[in-house]
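**Student:** sequence below, structure please.
(chains A, B, C and D)
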Number of protein chains: 2
Amino acid sequence: MKHVELVDRVYDRVKQMIFDQDLKPGEKIRQEKLAEKLGVSRSPLQKALQRLESELLIESIPRRGVIVKEISSKELIDVFELRAVLEGLSARLAASRLTSTQINKLKSCFEPFLSKTEIDYDDYAKADRYFHDQIMKWSGNEVVTRLEVLSNVHMNAYQAGLFRAPEETLPEHFAIIEALEKQDGNLAEKLMRNHIELSLDKLRNDK
Amino acid sequence: MKHVELVDRVYDRVKQMIFDQDLKPGEKIRQEKLAEKLGVSRSPLQKALQRLESELLIESIPRRGVIVKEISSKELIDVFELRAVLEGLSARLAASRLTSTQINKLKSCFEPFLSKTEIDYDDYAKADRYFHDQIMKWSGNEVVTRLEVLSNVHMNAYQAGLFRAPEETLPEHFAIIEALEKQDGNLAEKLMRNHIELSLDKLRNDK
DNA sequence: CTATTCTATTTTGTATTCAAAACTCAATAG
DNA sequence: CTATTGAGTTTTGAATACAAAATAGAATAG
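**Tutor:** Below you'll find the predicted structure:
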């Protein structure tokens, strides 16, 4: 059995606590208390918190402490503006690199929904996340892949009710896959960017 | 006099040491030694190192230690691909937000070079950096502004000899400013992206 | 001579300790 | 009644301590 660093486990657990609202937005994190609750010292906890900060999940104010962030709609807009161009880039790069196996994986993640009359939102959200994550990974640009700010967009988007209806986005996803398959990088970029900007528009209007 | 956190000072100094090659690429950082040299304990040093890692300046391998990274040309390409779309985005956003004061600042940072027959590279590099940094800041997208991976591109680019001749880039800069002034976001984006992609091409060919 | 095991040393990851800053809240002044 | 001060408490930032893992090098086996 492999040894996992304490920081990593603490990181996972705190992140989960934030999503589960065990730690609520705006709430101040008592480091000593939380560390004790997790059965560790403050050292690994602080490292984990520093990571979470670069993911925009918490905010650290010097000499004041760490508070759980409520992601603002302004910030979500910022992240989506970023995503639109970044994933556009990823799609463009991926177009000239994807193997047919990878293309098939993308296809088969959405194909099940074609035959369904009623689409389960959680299932679709999971497929959506896989789709976007994989294209970034397969773009070959490791710097993009590492961007921590993007880690939680899907979660945030889902929670923010930003999720567009599968009936609306399903064809967009297939159009992107088609462009990738044709190795048309420019088209793939345009479609991906547009795909995300449509969600961005929704967010801007809802606000 | 304002109190500055130790981490911040340590961060600045270590970063400087890396740029000055006091810490050489590939070299392993002895935390105890370095901490002592800086007159601090390992606690603030480790935090500083964690920050530097997200800036791609060092690499931390669990249970092995921290090594100074030699940024690979692949990684520099990745960063420039990222920059091209991100700064493109920034320019587009900035176009609809910049005040005439801000436009003038951008102009006046390059105007001195118009009259010169011989352009000092260091001066021009500084102006270039100011130009790109400010447009990102003034884009209003705070998430983009915060991206740590971008912190050192200018430094890296300069060191990598990626710096294109001022005679070549000066007109590009003014063209971008003109688009910003006309509040033509799409044009500004296109020009900015192209401006960076030209450096990217140079990097790809040099490699 | 090369490869392997074992021991001593170093270095990391984590826990603990401690001083200084920030907060709490009751007492006091206006 | 509101604002201010100040003692006591909490919490943070930083230093120190310590155990486990990694490393280096010597001793040993082949």
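
**Student:** mind giving me the packing neighbours of the helix or strand of chain A with the lowest mean pLDDT?
**Tutor:** Ranking every helix and strand in chain A by mean pLDDT, DSSP states H and E puts helix A:153-159 at the bottom, with a mean of 86. Identification of packing neighbours for helix A:153-159 by 3 or more CB pairs under 8 Å, 6 or more residues apart in numbering or on different chains; DSSP states H and E yields helix A:73-95, helix A:121-138. To be clear about C-beta, it is placed using only N, CA and C from the backbone, and glycine gets the same treatment.

**Student:** packing partners for the helix or strand following that helix?
**Tutor:** As assigned by DSSP states H and E, the chain's next helix or strand after helix A:153-159 is helix A:166-181. Using 3+ CB pairs under 8 Å, 6+ apart as the contact test, the elements touching helix A:166-181 are helix A:73-95, helix A:100-110, helix A:112-115, helix A:121-138, helix A:185-206.

**Student:** JSON lines for these, including mean pLDDT?
**Tutor:** Listed next are the helices and strands packed on helix A:166-181 as JSON lines, based on pLDDT from 0 to 100:
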{"stretch": "helix A:73-95", "mean pLDDT": "97"}
{"stretch": "helix A:100-110", "mean pLDDT": "97"}
{"stretch": "helix A:112-115", "mean pLDDT": "93"}
{"stretch": "helix A:121-138", "mean pLDDT": "95"}
{"stretch": "helix A:185-206", "mean pLDDT": "95"}
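
**Student:** still on that earlier bit, right, so of the helices and strands packed on helix A:153-159, which gets closest to chain B?
**Tutor:** Between chain B and these, the tightest spacing by CB to the nearest CB is seen for helix A:73-95, at 4.0 Å.

**Student:** hey, what's the angle from that closest one to helix B:73-95? Just curious.
**Tutor:** Helix A:73-95 runs at 140 degrees relative to helix B:73-95, counting by axes from the mean of the first three to the mean of the last three CA atoms, to 10 degrees.

**Student:** neighbours of the residue nearest to residue A:105 when sequence neighbours are not counted, just the number please.
**Tutor:** Sequence neighbours aside, residue A:134 is the residue nearest to residue A:105 in space, at 7.1 Å (criterion: CB to CB, 6 or more residues apart in numbering or on different chains). Residue neighbour count, defined by other CB atoms under 10 Å in any protein chain shown, stands at 17 for residue A:134.

**Student:** ok, now which ones touch residue A:134?
**Tutor:** A:102, A:105, A:106 (CB atoms under 8 Å, 6 or more residues apart in numbering or on different chains).

**Student:** can you pick the most crowded of the residues you listed?
**Tutor:** residue A:106 leads these on contacts (other CB under 10 Å) with 23 neighbours.

**Student:** thought that one was touching residue A:177?
**Tutor:** Yes: counting by CB atoms under 8 Å, residue A:106 touches residue A:177, with 5.1 Å between them.

**Student:** can you pull the contacts of the residue of chain A most remote from its centre?
**Tutor:** In chain A, residue A:63 marks the outermost C-alpha relative to the chain mean, sitting 30.5 Å out by CA atoms, centre = their mean. Residues near residue A:63 by CB under 8 Å, 6+ apart: residue B:5.

**Student:** roughly how far apart are it and DNA strand D?
**Tutor:** 5 Å (CB to the nearest atom of the strand, to the nearest Å).

**Student:** and if you look at residue A:171?
**Tutor:** Taking CB to the nearest atom of the strand, one finds residue A:171 at 49 Å from DNA strand D.

**Student:** ok, now residue A:181?
**Tutor:** Residue A:181 is 43 Å from DNA strand D, by CB to the nearest atom of the strand.

**Student:** that residue: how many residues sit nearby?
**Tutor:** Around residue A:181 there are 16 residues (other CB under 10 Å).

**Student:** does it touch residue A:104 like I think?
**Tutor:** No: with contact defined as CB under 8 Å, residue A:181 and residue A:104 do not form a contacting pair (9.7 Å).

**Student:** okay, and the common contacts of the two?
**Tutor:** With CB under 8 Å, 6+ apart, residue A:181 and residue A:104 have no common neighbours.

**Student:** point out the residues in chain A that sit beside DNA strand C.
**Tutor:** Contact residues (CB under 7 Å from any atom of the strand) of chain A with DNA strand C: A:5, A:6, A:7, A:40, A:41, A:42, A:43, A:44, A:47, A:63, A:64.

**Student:** picking up where we left off before, confirm the residue farthest from the centre of chain A sits in a helix?
**Tutor:** No: under DSSP: H, G, I helix; E, B strand; the rest coil, residue A:63 sits outside any helix and is assigned coil.

**Student:** which phi and psi values does it adopt?
**Tutor:** Dihedral pair for residue A:63: phi 60, psi 0, per degrees, to the nearest 10.

**Student:** how much space separates it from residue B:6?
**Tutor:** 12 Å (CB to CB, to the nearest Å).
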